[in-house]
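**Q** Sequence first, then the predicted structure:
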Amino acid sequence: MAHRAAALAAALVALALPRAAAAEPAPKIAFRLDLQALPGRGCPTAEEFGLILAAEFGYLLVRDDARATLRIETHPNGNKLDAVITVPDPESNGEWRRVLTQGDCRELLYDVAVLVSIAFGPRAWRGPEPPPWLVAPVTFEVGRPVLDFEPSSAIVKLLHPVEEEAYEPVVVVSKEPLPRPMVEDRPPFKVEVVLGPAVMPHGLTSVAVGGNGLVGVRWGSFGFAGELRGVITPASGIGDRALPGRTGLWTASLMPCFAADHFDVCGVASFSKIDFLLPATYPVTSVDAATFGMGVRANGRFQLSPRFSLLGYADVNQQLRSIAIQPDPREGSYVPDWRSPLLRLTFGIAVAARISK
């Protein structure tokens, strides 16, 4: 008898719990969704993000009749993406704003959904109910009334002379189209121009100074650039005899690069020409002063703004041949006054400006 009473009590409790949960449903919130995601970065659509939010909250909270608007904009941040999340408060004219950063757009929006559930879920409310401007509007259902008794067959025939068609309850929801601003398609690459001074401590007759200009294109982690550099030795004197002149160098380079957030590594293929700036009357002759070289460059990058960054680099280049300057053969000597080193070392600092949208 005791076992039957315990089983009956357990059954009554099991039946009572669903009725209590149905009688007092948990309060819900709702948002309009304004998602502006960069194209071509694998971002979820607005419908997919609505389902991601539903998985966090346990119900669909993206509705066109909600008072509050959840705005999400994604912006490039180097090789990563920033998500700017804002929720205006229509009662206080204030704004809730957060920024998240992630390398993958889909993972970024999953993080956004978790942040929204923490900031606006039940644990964030100060009372038992959410703020009025967050409360989900009431949904009206139009369907058949529920009868608490079983009507007789005569009443059924009188009220329904023909066979009744089965139909599903209709949910009537007020719908207002949410205006969405136009989002410009941005190219999958970015173009930047680099200008700045350069110093060559090794490779010419003495320390050389000058400048360089570079145009580069980036696709994600890959980049390609073309550069033109010109340097000259401020100090006069060439070779062992300190010939009265200076040495200039023009170099054109092509560079494929691996581009990270703040650090680049590039291969360098260069063509250069040395000029010996000597008086026209000085009895010195030189051979062809053009040469090819190959090397490597390391760049360090510091972001100043979304468009401008500061770039510092070190360049090591190995030449395929050496250039010599020697006295006029009529003087009876064929020993070169100076022969260029095969290794050239250059340092520089520059400002990089992104010119693509």
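**A** Ah, there it is. Numbers count the residues shown, from 1 in each chain.

**Q** Just the terminal-to-terminal distance for stretch 81-99.
**A** End-to-end span of stretch 81-99 (C-alpha to C-alpha, to the nearest Å): 10 Å.

**Q** Please identify the buried residues of that stretch?
**A** L81, D82, A83, I85, V87, P88 (16 or more other C-beta atoms under 10 Å). From N, CA and C alone the C-beta is placed, and that goes for glycine too.

**Q** before we move on, what about stretch 100-116?
**A** Neighbour counts using 16+ other C-beta under 10 Å place L100, Q102, C105, L108, L109, Y110, V112, A113, V116 of stretch 100-116 among the buried residues.

**Q** Kindly reformat the buried residues of stretch 81-99 as JSON lines containing pLDDT.
**A** Putting the buried residues of stretch 81-99 into JSON lines (pLDDT from 0 to 100) gives the following:
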{"residue": "L81", "pLDDT": "87"}
{"residue": "D82", "pLDDT": "90"}
{"residue": "A83", "pLDDT": "89"}
{"residue": "I85", "pLDDT": "91"}
{"residue": "V87", "pLDDT": "87"}
{"residue": "P88", "pLDDT": "85"}
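
**Q** for the stretch 251-357 of the chain, what spans make up the strands?
**A** 263-277, 284-286, 290-303, 308-319, 324-327, 338-339, 343-354 (DSSP state E, counting those that start in this stretch).

**Q** Let me know which of those strands is the nearest to V209.
**A** Closest to V209 of the strands of the stretch 251-357 of the chain is strand 343-354 (C-beta to C-beta; 10.2 Å).

**Q** rewinding a little: where among the strands of the stretch 251-357 of the chain is average confidence lowest?
**A** Among the strands of the stretch 251-357 of the chain, strand 284-286 carries the lowest mean pLDDT, a mean of 59.

**Q** Could I get the full set of strands for the stretch 1-150 of the chain?
**A** In the stretch 1-150 of the chain, the segments counted as strands under DSSP E, counting those that start in this stretch are 32-36, 69-77, 80-89, 94-102, 140-142.

**Q** helices and strands around the third one, which ones?
**A** Yep, that's strand 80-89 we're talking about. For strand 80-89, the packing partners by 3 or more C-beta pairs under 8 Å, 6 or more residues apart in numbering; DSSP states H and E come out as strand 69-77, strand 94-102, helix 105-120.

**Q** Surely L342 and I323 touch.
**A** No: the pair L342 / I323 is not scored as a contact, 10.0 Å apart, by C-beta atoms under 8 Å.

**Q** on that earlier part again, how about the buried residues of stretch 100-116 in a markdown table, adding pLDDT?
**A** Listed next are the buried residues of stretch 100-116 as a markdown table, based on pLDDT from 0 to 100:
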| residue | pLDDT |
| --- | --- |
| L100 | 90 |
| Q102 | 86 |
| C105 | 90 |
| L108 | 88 |
| L109 | 89 |
| Y110 | 90 |
| V112 | 90 |
| A113 | 89 |
| V116 | 89 |
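
**Q** With distance to L243 added, can I get those in a markdown table?
**A** Converted to a markdown table, the buried residues of stretch 100-116 look like this (distance: C-beta to C-beta, whole Å):
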| residue | distance to L243 |
| --- | --- |
| L100 | 64 |
| Q102 | 61 |
| C105 | 62 |
| L108 | 63 |
| L109 | 68 |
| Y110 | 69 |
| V112 | 68 |
| A113 | 73 |
| V116 | 74 |
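
**Q** on that earlier part again, just send the strands of the stretch 251-357 of the chain back as TSV, with mean neighbour count and distance to R41 too.
**A** Below are the strands of the stretch 251-357 of the chain laid out as TSV (neighbours: other C-beta atoms under 10 Å; distance: least, C-beta to C-beta, whole Å):
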stretch	mean neighbour count	distance to R41
strand 263-277	17	21
strand 284-286	15	55
strand 290-303	16	19
strand 308-319	17	21
strand 324-327	19	55
strand 338-339	16	53
strand 343-354	18	17
